[in-house]
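[1] Any chance you can model this:
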Amino acid sequence: MPTAERYLKPSDLPAEIPVFPLRGAILLPRASLPLNVFEPRYLTMVDWALRHDRVIGIIQPTGGAEDEESPLGKDFDLRSVGCVGRLTTYQELDDGRQVITLTGIARFQVLEELRADTPFRLMQVGYDRFEGDFEHGRGEDAVDRERLLSVLRKYLDANRLQGDWNSIVRASSELLINALSVMSPYGPEEKQALLEASDLKSRADVLIALAEMEMASGGGEAGGTLQ
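    As a prediction, this is how the structure comes out:
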């Protein structure tokens, strides 16, 4: 059963989930996030998720050193909002690493941390605040798609990035906006603003504003391909 058909309302998701704290990383409904898992605590978390509901929450840490992608221990603070995803691809490599993909389902609000004898963190979460995330394509009609595509094309040109424009044009506004938000190169605060945007139009507006500010500041030295 496709992920979008498996989870239609908040009660379809578990209230207790493992979370993967990653600074500068977000997940959004129906977008994909590939991850290369190698730390023992998170290898254990993936195994745990496979034995249970196959879901993992992505959330940003606020504690720990700023250069730590995922701080050690369990005492560092976390953001109050993250996004849960289903483990949709899994590959175990010969060196012990796991290459996985999470497909976003819905954002969540952290309610409390559970005391658990696990090397990773378990949280009690609520989804009711983000009930609209379960509705595929909600808010697409309000998005200024023409402006979004115009700014995206200018951003790609300014950063010497190549993209599959035919696929971009064919993508739904929801998929385009959420995928761009997940893969965008911005910092933790900007990424959290994209995550917590109240609706699809607001998220598109944040994306446009960030891109325009970067171009105005003279950014454009990257080069490469937008996947």
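[2] can you pull the buried residues of the longest strand along the chain?
    Longest among the strand segments of the chain by residue count, using DSSP state E, is strand 98-114. By 16 or more other Cβ atoms under 10 Å, the buried positions in strand 98-114 come out as 98, 100, 102-108, 110. Any C-beta I mention is one placed from the backbone N, CA and C, and that applies to glycine too.
[3] What is the burial count for R79?
    Residues near R79, counting by other Cβ atoms under 10 Å, number 17.
[4] Disregarding residues adjacent in the polypeptide, which is nearest to it?
    Excluding its sequence neighbours, the residue lying closest to R79 (Cβ to Cβ, 6 or more residues apart in numbering) is Q60, at 4.7 Å.
[5] Can you verify my assumption that that neighbour contacts G24?
    Yes. The pair Q60 / G24 is scored as a contact, 7.3 Å apart, by Cβ atoms under 8 Å.
[6] For these two, list the residues in contact with both.
    Counting by Cβ atoms under 8 Å, 6 or more residues apart in numbering, the residues touching both Q60 and G24 are 188, 191.
[7] which one of the two has more residues nearby?
    Q60 (20 against 16).
[8] picking that back up, can I get the CA coordinates of the longest strand of the chain in CSV?
    Output of strand 98-114 as CSV, limited to C-alpha atoms (Å, rounded to 0.1, in the frame of the first residue of the first chain):
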residue,chain,number,x,y,z
GLN,A,98,22.5,1.4,6.2
VAL,A,99,21.3,3.5,3.3
ILE,A,100,17.6,4.4,3.9
THR,A,101,14.9,6.7,2.5
LEU,A,102,12.2,8.2,4.6
THR,A,103,9.0,9.4,2.9
GLY,A,104,7.4,12.2,4.9
ILE,A,105,3.9,11.6,6.3
ALA,A,106,3.0,14.5,8.7
ARG,A,107,4.6,17.0,11.0
PHE,A,108,4.4,16.5,14.8
GLN,A,109,4.5,18.4,18.0
VAL,A,110,6.8,16.9,20.7
LEU,A,111,4.7,16.3,23.9
GLU,A,112,7.3,14.6,26.1
GLU,A,113,10.3,12.4,26.0
LEU,A,114,9.9,8.8,27.1
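[9] What segments of this structure are strands?
    In the chain, the strands defined using DSSP E lie at 16-21, 32-37, 55-59, 81-92, 98-114, 121-126, 161-163, 224-226.
[10] now the angle from the fourth one to strand 32-37?
    Going back to what we said before, that points to strand 81-92. Strand 81-92 runs at 60 degrees relative to strand 32-37, counting by axes from the mean of the first three to the mean of the last three Cα atoms, to 10 degrees.
[11] Give me the contact list for strand 81-92.
    Contacts to strand 81-92, defined as Cβ under 8 Å, 6+ apart, come from residues 3, 6-7, 13, 17, 19, 26-29, 32-33, 46, 49-50, 54-60, 98-110, 125, 127, 192, 195-196.
[12] What's the local residue count around P21?
    By other Cβ under 10 Å, 26 other residues sit near P21.
[13] what sits against the closest residue to it other than its chain neighbours?
    Here the nearest residue to P21 in space, its sequence neighbours aside, is P61; by Cβ to Cβ, 6+ apart that works out to 4.4 Å. Contacts for P61 (Cβ under 8 Å, 6+ apart) come out as 21-23, 68, 70-71, 76-79.
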